[in-house]
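Enquirer: Requesting a structural model of the entry that follows:
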Amino acid sequence: MHNFLKASTAALALAVAATGANADGHALSGDLVIFSDMSNPAPRAVMEGMVERFGAEHPDLNIELTIIDREAYKTQIRNFLTANTPDVANWYAANRMKPYVDAGLFEDISDVWEGTLSEELASTKGAMTLDGKQWGVPYTYYQWGVYYRKDIYEELGLKEPTSWAEEKANCQAILDSGKKCYTIGTKFLWTAGGWFDYLNMRTNGYDFHASLLGGNEKWDSPEVRATFANWKELLDMGAFIDNHTSYSWQESLPFIVSGEAAAILKGNFAVPPLREAGLDDSKLDFYQFPAITDGIELAEDAPTDTFHIPSGASNKDAAKAFLKFVVSAENQTLINAGDALGQLPVNSKSSVDDDKFLLEGFEMLSSNSPGGVAQFFDRDAPAEMAKVGMEGLQEFMVKPDNLDKILARLDKAAERIYK
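Expert: Okay, the predicted model is just below:
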């Protein structure tokens, strides 16, 4: 499904008169063709609004926006990057952009990042960097962390943990009270990937984690075995709900709502359904996944959506100006507000919507994630490796004694996939 939006010259002229602004101090002209996967209602409105506002600043520029269904977009992107190439295209950060960088289909836009922008977007720069160059800009992201039943913690006299020892001590107290520490649904595998991401980044650091998922480290290594040893401590305690392979992540939520489990490791997208189920802010709270290995800087999962300029773009000047507009502090505040995307702005000078969890997430990602920002297991690893890997992670959670076989299988798959 496509949506074509062309800015009205009259409307844009009125908007220019109202704003009196030209973002880059020079006139842009010609055609600017933008392909977007922001097809759901709220993202679509955000995308169309950005195009309208940017067009108002550049009345001599003819902007054509094509919105494609998100799933269809994933199958079409390689085709349209090689034929009928747009000037700007949506995609994702880190290893999800790597195939198109390696194929020469995305433009090096390191010059866009020069100056203060590198400072303002510092938390996401690593996710946009390959071979020391930047290949796109981020426009939204959201935090992961431990969402927990504040009332249960208070009842048991527990505080938010900052170390692995405190995490396990809290878990034992929760188990002793007759509850499970964590709810999780691994029916669709990726939730186990979130647990591995955090345990591995906290055990070995972001650089090792990225190198592993990039195919440059062995799964059967002392470092990865240390990660699984930490995970096994929780499994041996009985920390997770039973039969989690039978549940999707949504189907696992009733366990925390009912109080049968005290916490869930999840992205901020879990907050609305938990609130709708009756957990208001007096009952639901959030903490950063605690440190494990001393000296390892804290890194976070913060899946990041992005804009890129295809190397075959016809109007690269206008495309770069649009990308600068997208990541400006004012625009980032506007598009990530609660009545828009309801996520986090990537510009550190932006304002965050007045929501408890968005504010905590923004503070964490802006001020307390010195180790870096990962995208998530199935974005940081190639799709085929992510599938094999997450199958192994789910198996480990059920049969931890199979670890040797799992690691051997993952290394064998990696040799084939990454060669």
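
Enquirer: those helices in the stretch 101-250 of the chain, which residues are they?
Expert: Ranges of helices in the stretch 101-250 of the chain, per DSSP state H, counting those that start in this stretch, are 117-120, 122-125, 150-156, 164-176, 190-204, 206-213, 222-237, 249-258.

Enquirer: so where's the chain uncertain?
Expert: Within the chain, the ranges that satisfy pLDDT under 70 run 1-26.

Enquirer: still on that earlier bit, what's the closest of the helices of the stretch 101-250 of the chain to N315?
Expert: Comparing those by their distance to N315 (Cβ to Cβ), the top pick is helix 117-120, with 20.6 Å. C-beta: built from backbone N, CA, C; applies to glycine.

Enquirer: Now do that closest one: which elements does it pack against?
Expert: If you count contacts as 3 or more Cβ pairs under 8 Å, 6 or more residues apart in numbering; DSSP states H and E, helix 117-120 packs onto no helix or strand.

Enquirer: Which positions in it come out as buried?
Expert: Judged by neighbour count using 16 or more other Cβ atoms under 10 Å, the buried positions of helix 117-120 are L117, E120.

Enquirer: what's the closest of the helices of the stretch 101-250 of the chain to H308?
Expert: Minimum separation from H308 across the helices of the stretch 101-250 of the chain (Cβ to Cβ) falls at helix 122-125, 13.8 Å.

Enquirer: Out of the helices of the stretch 101-250 of the chain, which is closest to L284?
Expert: Ranking those by distance to L284, with Cβ to Cβ as the measure, places helix 150-156 first at 6.3 Å.

Enquirer: Give me the packing partners of that closest one, helices and strands only.
Expert: Using 3+ Cβ pairs under 8 Å, 6+ apart: helix 150-156 touches helix 164-176, strand 284-287.

Enquirer: And the residue nearest the centre of this protein?
Expert: Nearest to the mean C-alpha position of the chain, counting by Cα atoms, centre = their mean, stands P303 at 0.6 Å.

Enquirer: now for the helices and strands packed on helix 150-156, which one comes closest to T129?
Expert: Closest of the helices and strands packed on helix 150-156 to T129 is strand 284-287, at 28.3 Å (criterion: Cβ to Cβ).

Enquirer: my read: S351 touches T333, true?
Expert: Yes: contact criterion Cβ atoms under 8 Å: S351 and T333 qualify, at 4.6 Å.

Enquirer: returning to that earlier point: would CSV of the helices of the stretch 101-250 of the chain with distance to L32 be doable?
Expert: Listed next are those as CSV, based on distance: least, Cβ to Cβ, whole Å:
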stretch, distance to L32
helix 117-120, 20
helix 122-125, 24
helix 150-156, 48
helix 164-176, 49
helix 190-204, 35
helix 206-213, 34
helix 222-237, 46
helix 249-258, 38
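
Enquirer: Tell me which of these sits most buried.
Expert: helix 190-204 (a mean of 24; mean count of other Cβ atoms under 10 Å).

Enquirer: one step back: can you lay out the helices and strands packed on helix 150-156 as JSON lines showing distance to A226?
Expert: JSON lines is the format used below for these (distance: least, Cβ to Cβ, whole Å):
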{"stretch": "helix 164-176", "distance to A226": "12"}
{"stretch": "strand 284-287", "distance to A226": "23"}
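
Enquirer: got the contact list for V146?
Expert: V146 is in contact with A263, I264, L265, F286, Y287, Q288, F289, counting by Cβ atoms under 8 Å, 6 or more residues apart in numbering.

Enquirer: how does it look with 6 Å?
Expert: When contacts are counted by Cβ atoms under 6 Å, 6 or more residues apart in numbering, V146 is found next to A263, L265, Y287, F289.

Enquirer: Any figure for the gap between it and S314?
Expert: Distance, V146 to S314, using Cβ to Cβ, to the nearest Å: 47 Å.

Enquirer: Could you do L393 as well?
Expert: The gap separating L393 from S314 is 44 Å, by Cβ to Cβ.

Enquirer: These two: which has the busier surroundings?
Expert: Higher neighbour count among L393 and S314: L393, with 24 against 14, using other Cβ atoms under 10 Å.

Enquirer: name the element that one belongs to?
Expert: Using DSSP states H and E, L393 sits in helix 383-398.

Enquirer: so after that helix, what's the next helix or strand?
Expert: Downstream of helix 383-398, the first helix or strand assigned by DSSP H and E is helix 403-417.

Enquirer: So what touches that next one?
Expert: With contacts defined as Cβ under 6 Å, 6+ apart, helix 403-417 is touched by 215, 218-220, 228, 382, 384-385, 388-389, 392, 395-396.

Enquirer: got the contact list for F396?
Expert: F396 makes contact with I406, according to Cβ under 6 Å, 6+ apart.

Enquirer: Please repeat the previous calculation with a cut-off of 8 Å.
Expert: A192, F228, W231, N402, L403, I406.
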